[in-house]
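>>> this one's structure only:
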C-alpha cells in the first residue's frame, strides 16, 4: 500500500506541517492528562449499541458502558495512561455515545445484572475520529441467576427451536437482518481479521470446485437451459452457482448453491453454500449451514473450521476458539486449524480458551513453520499477562520464538512488530526502533496480495515507532511517523468502508428477496 519512495515523500511533507496545531494535537497520547484534555477540545467519539447476544439483535437498555485507557492491558509496549475512565448508560434503543475523547488507545466494557460482563479492545482513536463499536452482552444461564435477578424470568422462557433444514425444497435463508452489525465489529483490527478469515475459509473449498472445473467453460445460458430440462440435478445448480459468482451475481449464486445443497446435502455442497453466505456477511444463515454440515459430517475439518469463523465473525470468540481447538484435535498434524486459531488469538486482548496448548502443539509438530513459532509466541505473551508466571523467563521464550520466526520467514512483518513491542516493553528502545523499522520495510516490500494483516502490521509499526521516538525525546521523528500512521489509517478506513457498503447491499438485497418470496405450500 505504501512504497518506500512514497513513504519518504510523506515524511518530507510531514516535516513541513509540524508547526501546525493539528499535528501537535496528535501527540496528546503522551501529554500529561490536563494538557491532553485541553489539546482535544473537540476530541474523538466512540458510539454504538449494546445488544443481547444470540437474540436477533435485541437492544439492551440501561447497560453500564465504561471507556477506559487500555494501553497497558491491550497493547504491550505502551505506557499505562492516567486518563480517567468514562462511564455512560445505553438508552432505550441500546445506544451509547462518548464525545470529546482524547486520542489514544482504549478498551470498552459493558455490564448489566443478568448478563455476563463484556470487554472489547484495543480501540485506537485518532484525533477527531468517530468510531462505532457494537457491544454484545451474553445473558446468564438460569443456573447462574438468583431469583431476584431482573432477567431471571426472561431467561426461563423456552428458546425458539432452530430452523429445520431440507424438510421442504423451498427453504428460505433466515436471520440476515443483523448480518452486518453482528459480532462487535467496531475494532478495525478485529473486523479486518474476520474478513481475512472469511477469505481464507473460501480458499478451503478449492477441492470441491476442482471437481466441476471442466463445467466452468459452460455459459450461463446453457446451464440455465440444462436446469430447465433437469431441475433436480444438484450438480447443474452447483455449476451455475459458480458461474454466477464469477459473473458478479452473488444473490443468484447463493440461491443456486442453496438449491444444490437441498437436492444433494453432501459436504462439498453444504460447504460451498456456507462459504458463499459467509463471504457476503450473511452470518446467521452461514452459521446454520455450517452447523448442519458439522452434524452430518463430523469428520470434516474444514466444515468445523468454517463454523468457527462464523462464530468469530458474530463476536462469539470463545465458541470460535472451541471449534478451532476441536478441529485441530481432529487432525493434529493439519496446519489449517492452528493457523486460523493463531490469527484469531492475535486480534484478541486476552487469551482464548485452549489456544496456548494447541499453538504449543503446532510449534512442536511444525518447528520449521514460521507462523507456528509466531502464533505460539503471541499466545504465550497474552497468557503471561493473566497469570502469575516467571515474567523474565516467558519474555525470553517469546523473544526466542519470534527471532526464530523471522529467521524462517524474513518477510514476516508481524514478527518484527512483536519483537519491537517486546523490546519497548523492556525499555530497550535501541533494539525496538530497528525492529519497528524492519516491520515497515518488510511491509512496504510485500505484494498487494498480503492484504489486511500486512496493513495492520504497517499501521501499528508506524504508531509504535512514533511512541518510541517520543520516549527518546525525538519529537520531529515521532511526529513524522504519527503523520504517516494517520494517513495510512484514513486509507485503510476508506477501503474498509467501501467493502462494507458492498456487503451491506448484498445483505439488504437478500433480505428483500426473502420478504418477496412466495409462501410455502
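Good, I have the coordinates. These numbers come from a predicted model, not from an experiment. Residues are numbered from 1 along each chain as shown.
>>> quick one: low-confidence ranges for the stretch 301-450 of the chain?
385-391, 445-450 (pLDDT under 70).
>>> Can you pull the phi and psi angles for residue 113?
phi -50, psi 140 (degrees, to the nearest 10).
>>> do the same with residue 368
The phi/psi pair for residue 368 (degrees, to the nearest 10) is phi -90, psi 0.
>>> which ones are touching it?
Contact analysis of residue 368 by Cβ atoms under 8 Å, 6 or more residues apart in numbering lists residue 408. Heads up, the C-betas are built off the backbone N, CA and C, glycines and all.
>>> Next, work out how far apart it and residue 405 are.
Residue 368 is 11 Å from residue 405, where distance means Cβ to Cβ, to the nearest Å.
>>> How about residue 122?
Counting by Cβ to Cβ - residue 122 and residue 405 are separated by 22 Å.
>>> These two: which has the busier surroundings?
Neighbour count, other Cβ atoms under 10 Å: between residue 122 and residue 405, residue 405 has more, with 27 against 20.
>>> ok, which stretches of this protein are strands?
44-52, 64-69, 86-89, 95-101, 104-111, 115-116, 118-125, 130-132, 135-139 (DSSP state E).
>>> Please convert the ones you listed to a markdown table, extending it with distance to residue 338.
Supplementary listing: these in a markdown table, determined by distance: least, Cβ to Cβ, whole Å:
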| stretch | distance to residue 338 |
| --- | --- |
| strand 44-52 | 31 |
| strand 64-69 | 33 |
| strand 86-89 | 39 |
| strand 95-101 | 37 |
| strand 104-111 | 27 |
| strand 115-116 | 28 |
| strand 118-125 | 24 |
| strand 130-132 | 31 |
| strand 135-139 | 26 |
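>>> Mean pLDDT and distance to residue 460 for those strands - can I get that in a markdown table?
Listed next are those as a markdown table, based on pLDDT from 0 to 100; distance: least, Cβ to Cβ, whole Å:
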| stretch | mean pLDDT | distance to residue 460 |
| --- | --- | --- |
| strand 44-52 | 85 | 18 |
| strand 64-69 | 89 | 17 |
| strand 86-89 | 90 | 24 |
| strand 95-101 | 89 | 20 |
| strand 104-111 | 86 | 11 |
| strand 115-116 | 85 | 30 |
| strand 118-125 | 77 | 9 |
| strand 130-132 | 80 | 16 |
| strand 135-139 | 83 | 23 |
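>>> With respect to residue 444, which of those lies nearest?
strand 118-125 (20.8 Å; Cβ to Cβ).
>>> Quick check: phi and psi at residue 473.
According to degrees, to the nearest 10, residue 473 has phi 90, psi 10.
>>> Check the gap between it and residue 275 for me.
To residue 275, residue 473 is 51 Å away according to Cβ to Cβ.
>>> cool, residue 91 as well?
The gap separating residue 91 from residue 275 is 38 Å, by Cβ to Cβ.
>>> Between these two, point out the one with more neighbours.
The neighbour count for residue 91 versus residue 275, taken as other Cβ under 10 Å, is higher for residue 275 (26 against 15).
>>> Can you check the pLDDT for the more buried one?
At residue 275, the predicted lDDT confidence score is 90.
>>> start at 19 instead
With 19 as the first residue, the last one maps to residue 293.
>>> Correct me if wrong: it contacts residue 219.
Yes - assessed by Cβ atoms under 8 Å, residue 293 is found in contact with residue 219 at 5.8 Å.
>>> Any chance you could list residues touching both of the two?
By Cβ under 8 Å, 6+ apart, the residues touching both residue 293 and residue 219 are residue 324.
>>> Nearest to residue 459 among the strands of the chain would be which one?
Across these, closest to residue 459 is strand 136-143 (Cβ to Cβ), at 22.2 Å.
>>> List the strands paired with the closest one, with their directions.
Here strand 136-143 is paired, per DSSP bridges, with strand 122-129 (antiparallel).
>>> The nearest residue to residue 385 once chain neighbours are set aside: what's it in contact with?
Nearest residue to residue 385 in three dimensions, chain neighbours excluded: residue 391, at 7.4 Å (Cβ to Cβ, 6 or more residues apart in numbering). For residue 391, the contact set (Cβ under 8 Å, 6+ apart) comprises 381, 385, 419, 420, 422, 423, 426.
>>> now, which of these lie within helices?
Counting by DSSP state H, the part of the contacts of residue 391 found in helices is 381, 419, 420, 422, 423, 426.
>>> As a markdown table, those residues with distance to residue 484 would be great.
Shown next, in a markdown table, are the ones in helices among the contacts of residue 391 (distance: Cβ to Cβ, whole Å):
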| residue | distance to residue 484 |
| --- | --- |
| 381 | 32 |
| 419 | 26 |
| 420 | 22 |
| 422 | 28 |
| 423 | 25 |
| 426 | 29 |
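>>> Which one of those is nearest to residue 119?
Checking the ones in helices among the contacts of residue 391 against residue 119 with Cβ to Cβ, the nearest one is residue 420 at 32.8 Å.
>>> Could you measure from that closest one over to residue 441?
10 Å.
>>> between those two, which one's more packed in?
residue 420 (27 against 21).
>>> roughly how far apart are the more buried one and residue 462?
20 Å.
>>> same thing with residue 341?
Residue 341 is 35 Å from residue 462, by Cβ to Cβ.
>>> Most widely separated two among the contacts of residue 391?
385 and 420 (14.2 Å).
>>> before we move on, the earlier item: out of residue 341 and residue 462, which sits in the busier spot?
Neighbour totals were compared for residue 341 and residue 462, and residue 341 leads with 26 against 17 (other Cβ under 10 Å).
>>> so who does the more buried one touch?
By Cβ under 8 Å, 6+ apart, the neighbours of residue 341 are 322, 323, 325, 326, 329.
>>> Excluding residues flanking it in the chain, which one is nearest the fourth one?
Read that as residue 326. Residue 326's closest residue in space is residue 341 (Cβ to Cβ, 6+ apart), at 3.0 Å.
>>> swap in residue 354?
residue 323 (6.2 Å).
>>> And residue 315, by the same measure?
Residue 315's closest residue in space is residue 285 (Cβ to Cβ, 6+ apart), at 4.4 Å.
>>> how near is that neighbour to residue 395?
35 Å.
>>> just residue 439 next, same as before
11 Å.
>>> returning to what we had before: surely the residue nearest to residue 315 and residue 317 touch.
No - counting by Cβ under 8 Å, residue 317 is not a contact partner of residue 285; they are 9.2 Å apart.
>>> Between these two, which has more neighbouring residues?
For residue 285 versus residue 317, the count of surrounding residues by other Cβ under 10 Å is larger for residue 285: 16 against 10.
>>> Domains of this protein: list them as residue ranges, please.
60-166, 194-533 (automatic domain parsing).
>>> Please identify the most buried of these.
Mean neighbour count (mean count of other Cβ atoms under 10 Å) peaks for domain 194-533 among the domains of the chain, with a mean of 20.
>>> List the residues that contact residue 128.
Contacts for residue 128 (Cβ under 8 Å, 6+ apart) come out as 68, 81, 82, 83, 84, 108, 135, 136, 153, 155.
>>> Show me which pair in the residues you listed is furthest apart.
The widest separation within the contacts of residue 128 (Cβ to Cβ) is 14.2 Å, between 108 and 135.
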